[in-house]
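Colleague: Everything below, folded, please.
(chains A and B)
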Amino acid sequence: MKVKTLSRSSDVYLPARNCEVSRLPRNLDPDLHPFERAREYTRALNATKLERVFAAPFVGQLGNGHIDGVYCIARHTRRLNSAASGSGDGVIKYWDLSSKEEVASFTAHRGIVKGLAVTLDGNLLSCGMDNTVKLWDVMETDHSGGPSKTFLGSSGFTGIDHHRSNPIFVTSSNAVQLWDENRSKPTADLSWGADNVNTVRFNQTEQSIIASTGSDRSIVIHDIRSKAPVQKLVTLMRTNAVCWNPIEAFNFAAANEDHNVYLYDMRYLTRSLNVYKDHVSAVMDVDFSPTGQELVTGSYDKTLRIYRVNEGHSRDIYHTKRMQRIFCVRFTMDARYIMSGSDEGNIRVWRAEAAARSNVKSARERSKLEYEATLKERYKNMPEIRRISRHRHLPKPIKTASETKRIELASIKRKEENMRRRSKKGTMPYAKEREKQIIGVAIREVENKV
Amino acid sequence: MHVVDEFGVLVSAEISPGGGDGEDDSEDDRDESDDDETPSFSGVSDSEGSIHHTTATFSDIESDSVPSDLEEEEEDDDDDDDDDAIKSLQQAIEKASQKSEEDVVRIKKRKKLGLPTHFAPIVDDGEDIVPVKKKVTLDDIRAHTSSSFGTRSLARLDELEKRSKGKSEVVKSRLGRRLEVRVDRAAAYEIAKEEVGKWEDTVKRNREAEHLEFPLQRSGGAATADITGALDLGDELDSEKLVHGLEGREFSLAEVIARRNELRRMRELMFREEMKAKRVKKIKSKTYRKIHKRERERAQEIAAQLEGESGDEDHEDSYGRLVKHARERMELRHKNTSNWARDVKRMNLHKSKGTRDELEEMLRRGEDLTRKIEGDDDDISGDDLPNINDDEEATEEASGIMAMKFMREAEERLRKQNKESIDELRRMEDGRDGETEEDTDSAVKIINEGRRRYAPGAQESKYAAQESVEQSIEADDAPVGLERKMASIAVKDADSVSTISKTQTSKKGEPKSSKASNPWIQDVDPGSVAKGASVLSLSKDSTRFAKTEARLKRSRRKAKKAVQAVEDGEAEVRIDVNQILQIRDVHGDPDAEANPVNGEDSHVMMVHKGGRRAKPAEFQQRELVKRAFAGDDVAREFQEEKQKTVEDEGDKEVDVTLPGWGSWTGKGVRKPQKKFIQKIEGINPKNRQDSKLKNVIINEKAAKKSAKYTAGAVPFPYETREQYEHSLRMPIGKLWSTQATVQRLTKPKVIVKPGVVVEPLSAPFAT
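Modeller: Okay, the predicted model is just below:
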């Protein structure tokens, strides 16, 4: 009688070549892999927990920061690791982001530096309240000789932005002016009668469009082809900053004083496309991720929030104990990091994804991360997973402020509802959340149809 | 502009606006502070109170009849040393200001009444409104100022006057600067919107993309290449040739050449036919559009006439024109890119006056040309029709697929269609040329052989004429006029009301009440039948051309009739259409006269002819429903069910006494007293969630443990629970699907290449 024993041929399990990974035989019989949904749910839950465990958004601060508050940041448009910042005492600093070191520091303006912009050849334009716009050569580190060019204006400048492909830039002061880098006088005045214009921003995609915000609570769209303002939107409260979506030419976000950020389509300004809520104080700056999928906001409530473009609430909030009011935020050009400049003079670098790490990963690790990301996405609506992924520790002032705000809003709503109930039907229509903040636009559709 | 601006009105009449460059800015500032205002070029608006105030003063100083234009405000270039002059002027102003306030009120009143004020008396010069502008001269002021008026200031003004004498031509702004600026902006905004709208496709594609890999490689509209150009007929035929070659038969050289030639010819013919089809289509649409445009204009004219308020209309008109011109201007600015112009710009030549003048001249000429083109465009008829040769018939035999029957047939059909449509077009063109006679005479037209079709306009007018004649014979003197009118109206609404009107118009004649009372049987009048037939023939057999033509004619006729109606003063009679309907009801249903009801109800009544007529429809409906669901007492059933649920889920007492335990049988045995009753605690009916909800049952026994694993509500992108469930059904992991599937399923939506600058999108069509 022959006894059969287990036999394992080495051909089956040994790799044929040296470099080949040995095959792991796998049985696809579903009976052997039961409870697939439960298992994947557990994996998703664990991944979510781990994400929170590994969340470390703060990367570090740049050098020792400024002596005064940081009120503007410019990122280099073609290099990833260069940035510049301007502070309240008129000092501009260049930064090397990879080493987080200061490259140069010099006093550029008397008084506050209000805006920075990068020219086509990578040089820096700065504007300040001392009625000047100055052009700096970034290759030099010693700026004792002064700027390479100075443009004189009639009043203090509040903002500046450069055209993406032509040597022209636009400034905001008591007017919106278009400048040529090679001329000393502005080439065009694009203003629309606001007393003061706060910021001005070029559309990077449709390059001849400019958006500016005025102290008369207006947002004005300008066109440099017709050298004229073309549309004006007036909102309930002032808009502090605007930013155009880099991949959607007609959409821009406007950071408003009423704690919200609004997304507008420049063609249809009678309603906003989205409202980004959650801040508990005025939003001071907003910037789109270069991918156009997310936006970051810096607020007067000392926090920084990240929103997905198509959602109304923030997906993350960053804060530190020592960080004061945030006045400027910028994504880096690779969409991985965020820089924020705040009142206490530091420039902080944050990860856009708090739990992401930028080291080189093996294929296996990458595929695991991707798998987990998919699972998290799939099960994100399960109550436990949602709770864990949304959970953030907030500073006490923010927590209480948001509670208060919630109560206040509910109270207002309740009052309105009571009034509505007691008034004649139809006399108090519901105000649409996306149109509430809009007072009016200058050019209505009706006029255009003539 | 400070003080000089205040009396700018006064000076403006004399100084041409070319004078000051700074004028633009300062005026902008004031203008835009209140841009919500409606356009008014004579308006006394509150926001500009101070200015008006002054103006009123001056016009008061002058005689009442001296007008001035508010919108023209000029700035003097050198206003450094004329402070004294200004002071004295201001004194004069103050003196007269008390009077001026009454004046303003009076003017407002006049404006309300639509009367011309002395600010801007409105004069209708046919096309536009141009505020009348009489010049205010210094002499006028001198005549009205008191002796205290400083002589120095007068001298200063004299100087001004002298200086401005040379250029006394005043360029009139027609609708006022503010309005002009607004219109300019609107036009520029429109263009900017258009420009930015070109991104729509790209944006949409990116949003819908399953994966986005950054940096996006020229994704902006790069794929929108015109593939129609590449899609040539030749390719298909080549492939066909290939198929034939693969059949395996050997060809001789001559055969191959012959074949090739033949193929070439076939291709050529097909191509020509196709091109012809295309062209015909295009021509059609062009003519169609043109006719439509003309029609629209005519309708507008009529509307304008009807409105009667010629003043307002003119204003609107001029405003529209202004908008158009502004738009053109804006576009010209975009298009100012001829080589020469660019050179001039590049080399800064436009600083010299000669070149600048030339440049301006060029622009002006361009504008003139475009305007002229637009003006003349209407007169050019689609004369390219005769160029289409329909005699080149490709009747030769074909080979290959082309020789097959269905292909030949298809070709034939195409050719026939082309020919037909060309014919149609021709006829239409002719019809339009002889537009005046068309409506009255041309009675019958033949489209296809064997089909008769009536030109709708001719048909109806004919019948109308007939009927009116008949009725005038039949009827008394009084109703004749009315009835004729009715008849003509009925003809106008040819589609639906024709039969109705027919019954009405012939109410004096033979009794038709039996027919009319039945709503399903329509009157079989020769006229109505013919009309119906014409409509039917249109809908069934005719080509698109035929339909289009009919529609065109109908609308043209309508417009024409409208014009005629206006001319005859018949416009009011239109209202009587309702009356026709009512009379019809009376005719058809003698009972209805007693209790008049609206049209709908009468219909219902006719449907339920057998039933009680007086009852409204909904009432019957309710009764019907009641009957259908008789015996169903849903409410009671529900209450019972709820009661049962409450009892089931409430406290329960279960007798757990063991049967037989302690129970002895036999005589004299006492009954066991004790019963073992267990109380199972349920939900107190008062504590139930639905205790106060009368019509709801809430399940209190929902599994609490599984709540952790279920989403509270259907999350956003999903619409139903099933959809969401479905999305969770298939596992993703490696254990459950293949490597490729896993990779596909887990690929992230947004992938950013590490260490690379992600540039914003740039337009492939960027200038």
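
Colleague: care to break chain B down by domain?
Modeller: Listed domain ranges for chain B are B:2-174, B:180-282, B:425-597 (source: automatic domain parsing).

Colleague: Confidence-wise, which helix or strand of the chain is lowest on average?
Modeller: Since you didn't name a chain, this refers to chain A. For chain A, the helix or strand with the lowest mean confidence is helix A:445-448, at a mean of 52 (criterion: mean pLDDT, DSSP states H and E).

Colleague: you looked at the wrong chain, it should be chain B
Modeller: Going by mean pLDDT, DSSP H and E, chain B bottoms out at helix B:227-230, a mean of 32.

Colleague: For the stretch 51-200 of chain A, what lies in contact range of chain B?
Modeller: A:T77, A:R78, A:R79, A:L80, A:R164, A:S165, A:D189, A:S191, A:W192, A:G193 (Cβ under 8 Å from any Cβ of the partner chain). (Each C-beta comes from the backbone N, C-alpha and C, glycine too.)

Colleague: Farthest-apart pair in those, please.
Modeller: Maximum pairwise distance among these (Cβ to Cβ): 40.4 Å, between A:L80 and A:G193.

Colleague: Pretty sure B:R556 sits in a helix.
Modeller: Yes: counting by DSSP: H, G, I helix; E, B strand; the rest coil, B:R556 is found in a helix.

Colleague: Check what pLDDT the closest residue to it other than its chain neighbours gets.
Modeller: Nearest non-adjacent residue to B:R556, counting by Cβ to Cβ, 6 or more residues apart in numbering or on different chains: B:E295, 6.4 Å away. pLDDT for B:E295: 85.

Colleague: What of the one 4 residues further on?
Modeller: pLDDT recorded at B:A299 is 86.

Colleague: Surely it is within a helix?
Modeller: Yes: applying three-state DSSP, one finds B:A299 inside a helix.

Colleague: Which among the residues of the stretch 51-200 of chain A next to chain B count as buried?
Modeller: Neighbour counting with 16 or more other Cβ atoms under 10 Å in any protein chain shown marks A:T77, A:L80, A:R164, A:S191, A:W192, A:G193 as buried within those.

Colleague: Kindly indicate which of the residues you listed lies nearest chain B.
Modeller: Using Cβ to the nearest Cβ, A:G193 comes nearest to chain B of these, at 3.4 Å.

Colleague: And the closest one, how far from A:N174?
Modeller: Separation of A:G193 from A:N174 (Cβ to Cβ, to the nearest Å): 10 Å.

Colleague: Let me see the contact set for the residue of the stretch 251-400 of chain A found nearest chain B.
Modeller: Nearest residue of the stretch 251-400 of chain A to chain B, counting by Cβ to the nearest Cβ: A:P290, 3.7 Å away. Applying Cβ atoms under 8 Å, 6 or more residues apart in numbering or on different chains to A:P290 gives the contacts A:P246, A:F331, A:M333, A:D334, A:A335, B:F214, B:V757, B:V758, B:E759, B:P760.

Colleague: Could you find the closest non-adjacent residue to it?
Modeller: B:V758 is the one closest to A:P290 (Cβ to Cβ, 6+ apart), at 3.7 Å.

Colleague: circling back to that earlier point, got the phi and psi for the residue nearest to B:R556?
Modeller: Backbone torsions for B:E295, taken as degrees, to the nearest 10, come to phi -60, psi -50.

Colleague: hang on, it packs against B:R554?
Modeller: No: B:E295 is beyond contact range of B:R554, at 10.8 Å (criterion: Cβ atoms under 8 Å).

Colleague: quick one: low-confidence parts of the stretch 301-450 of chain B?
Modeller: B:307-317, B:331-338, B:349-351, B:369-403, B:429-450 (pLDDT under 70).

Colleague: quick revisit: if you look at the residues of the stretch 51-200 of chain A next to chain B, which of them are in helices?
Modeller: Among these, no member falls in helices (DSSP state H).

Colleague: Flag the least confident of those residues.
Modeller: A:G193 (77).

Colleague: mind listing what's buried in the top helix by length along chain A?
Modeller: Ranked by number of residues, the top helix in chain A under DSSP H is helix A:396-422. Buried residues in helix A:396-422, counted by 16+ other Cβ under 10 Å: A:I398, A:A401, A:K405.

Colleague: how close does B:A702 sit to A:K413?
Modeller: 30 Å.

Colleague: Show me which residues of the stretch 251-400 of chain A are close to chain B?
Modeller: Going by Cβ under 8 Å from any Cβ, the residues of the stretch 251-400 of chain A near chain B are A:266-267, A:290-293, A:333-336, A:358, A:367, A:370-371, A:373-375, A:378-379, A:381-384.

Colleague: Would you list the buried entries among these?
Modeller: Buried among these (16+ other Cβ under 10 Å): A:266-267, A:290-293, A:333-336, A:367, A:370-371, A:373-375, A:378-379, A:381-382.

Colleague: So which of those are in helices?
Modeller: A:S367, A:E370, A:Y371, A:A373, A:T374, A:L375, A:R378.

Colleague: Please produce JSON lines containing those, extended by pLDDT and distance to A:D258.
Modeller: Listed next are these as JSON lines, based on pLDDT from 0 to 100; distance: Cβ to Cβ, whole Å:
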{"residue": "A:S367", "pLDDT": "94", "distance to A:D258": "44"}
{"residue": "A:E370", "pLDDT": "96", "distance to A:D258": "39"}
{"residue": "A:Y371", "pLDDT": "97", "distance to A:D258": "41"}
{"residue": "A:A373", "pLDDT": "96", "distance to A:D258": "34"}
{"residue": "A:T374", "pLDDT": "96", "distance to A:D258": "37"}
{"residue": "A:L375", "pLDDT": "97", "distance to A:D258": "38"}
{"residue": "A:R378", "pLDDT": "95", "distance to A:D258": "36"}
